[in-house]
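>>> Show me how the following folds:
(one chain, ligands or ions: 2)
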Amino acid sequence: MTVPTPFWVVIPAAGIGQRMQADRPKQYLPLKGRALIEHTLDCFLGHPDLCGLMVCLADQDAWWEQLPCAADGRIQRCRGGRERADSVLNGLQALQQQGARANDWVLVHDAARPNLLRSDLDKLLQHLAADPVGGLLAVPVRDTLKQVGTDGRVQSTPDRSRFWQAYTPQMFRLGDLQQALSSALAAGVSITDEASAIEWAGKRPRLVEGRADNIKVTRPEDLEWLARH
Ligand SMILES: Nc1ccn([C@@H]2O[C@H](COP(=O)(O)OP(=O)(O)OP(=O)(O)O)[C@@H](O)[C@H]2O)c(=O)n1
Ligand SMILES: C[C@](O)(CO)[C@H](O)COP(=O)(O)O
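Ligands and ions are numbered 1, 2, ... in the order given. Okay, the predicted model is just below:
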């Protein structure tokens, strides 16, 4: 018996996909006949506990309006920002205008991760529903890690048993995340995921083990892999 856990979603989708070297932002590249972002949104739109979904788009985005989901009343949009963290902060502020409250759960999920399964989404919600901090889907590192020296050669081999890869969704209370992101960005801290802002605020997010195939499409081979599976 799963306990209902109402949640809001922010989808940062204002990137340009530089590393993909494609003819359009990677969130709009085709995957199995649909745009990558449409796959990403599907996982949330069907969830009974979804309160609202905010997509953060670049000012010059000319692709979103061409998608069928652009007409879906369940999806709101807001302006993205210079960095991913700025987009997320804009998304949080836009959710507040939609009625989201400081104590509400917000899940932040990369538009570039189209392979999130409902089972992982529900696992995250159930594991964190009563957590005092929140947390994220993550995967224990499977390969041996190498720290690289300034000369490009191996510097050291850290103990990989202590390392996990951070994925998304990342789940925090709206007010906590908004405060942490605002403060960290104002302090000039480099924030590459929501958890790092929460950590900078002195809290310790929980890691919830998820599927390793909830990959972020970053380089061409990532999309090629998804197209084959
Ligand atoms: N200013 C930005 C930068 C990134 N993103 C989003 O954050 C997610 C993860 O970022 P990343 O994989 O780095 O996407 P890009 O920034 O587009 O990729 P690149 O760094 O290769 O340009 C993506 O869904 C991207 O659209 C965003 O909303 N706003
Ligand atoms: C948020 C994230 O997906 C967690 O691994 C990652 O930090 C995003 O990094 P990017 O360079 O913005 O893709």
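
>>> right, and the helix or strand after the longest strand seen in the chain?
When the chain is scanned for its longest strand (criterion: DSSP state E), the result is strand 164-173. Note on strand 164-173: by DSSP states H and E, the next helix or strand toward the C-terminus is helix 174-186.

>>> Return the distance of that following helix from the chain's centre.
16 Å (C-alpha atoms, centre = their mean, to the nearest Å).

>>> quick one: the longest strand of the chain to chain centroid distance?
Using C-alpha atoms, centre = their mean, the offset of strand 164-173 from its chain centre is 7 Å.

>>> packing partners for it?
strand 105-108, helix 118-128, strand 134-140, helix 194-200 (3 or more C-beta pairs under 8 Å, 6 or more residues apart in numbering; DSSP states H and E). Where C-beta positions appear, they are placed from N, C-alpha and C, glycine not excepted.

>>> Among the ones you listed, which comes closest to ligand 1?
With C-beta to the nearest ligand atom as the criterion, ligand 1 lies closest to strand 105-108 of the helices and strands packed on strand 164-173, at 9.2 Å.

>>> Up against ligand 1, what does the protein have?
Counting by C-beta under 6 Å from any ligand atom, the chain comes close to ligand 1 at 12-19, 27, 56, 80-84, 87, 110-112, 216, 218.

>>> Run through the strands of this structure in chain order.
7-13, 30-31, 34-35, 50-57, 75-79, 105-108, 134-140, 147-148, 154-156, 164-173, 206-209.

>>> In JSON lines, list these along with mean neighbour count and mean pLDDT.
Formatted as JSON lines, the strands of the chain follow (neighbours: other C-beta atoms under 10 Å; pLDDT from 0 to 100):
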{"stretch": "strand 7-13", "mean neighbour count": "27", "mean pLDDT": "98"}
{"stretch": "strand 30-31", "mean neighbour count": "15", "mean pLDDT": "98"}
{"stretch": "strand 34-35", "mean neighbour count": "18", "mean pLDDT": "98"}
{"stretch": "strand 50-57", "mean neighbour count": "22", "mean pLDDT": "98"}
{"stretch": "strand 75-79", "mean neighbour count": "17", "mean pLDDT": "98"}
{"stretch": "strand 105-108", "mean neighbour count": "26", "mean pLDDT": "98"}
{"stretch": "strand 134-140", "mean neighbour count": "21", "mean pLDDT": "98"}
{"stretch": "strand 147-148", "mean neighbour count": "10", "mean pLDDT": "98"}
{"stretch": "strand 154-156", "mean neighbour count": "10", "mean pLDDT": "98"}
{"stretch": "strand 164-173", "mean neighbour count": "23", "mean pLDDT": "98"}
{"stretch": "strand 206-209", "mean neighbour count": "17", "mean pLDDT": "98"}
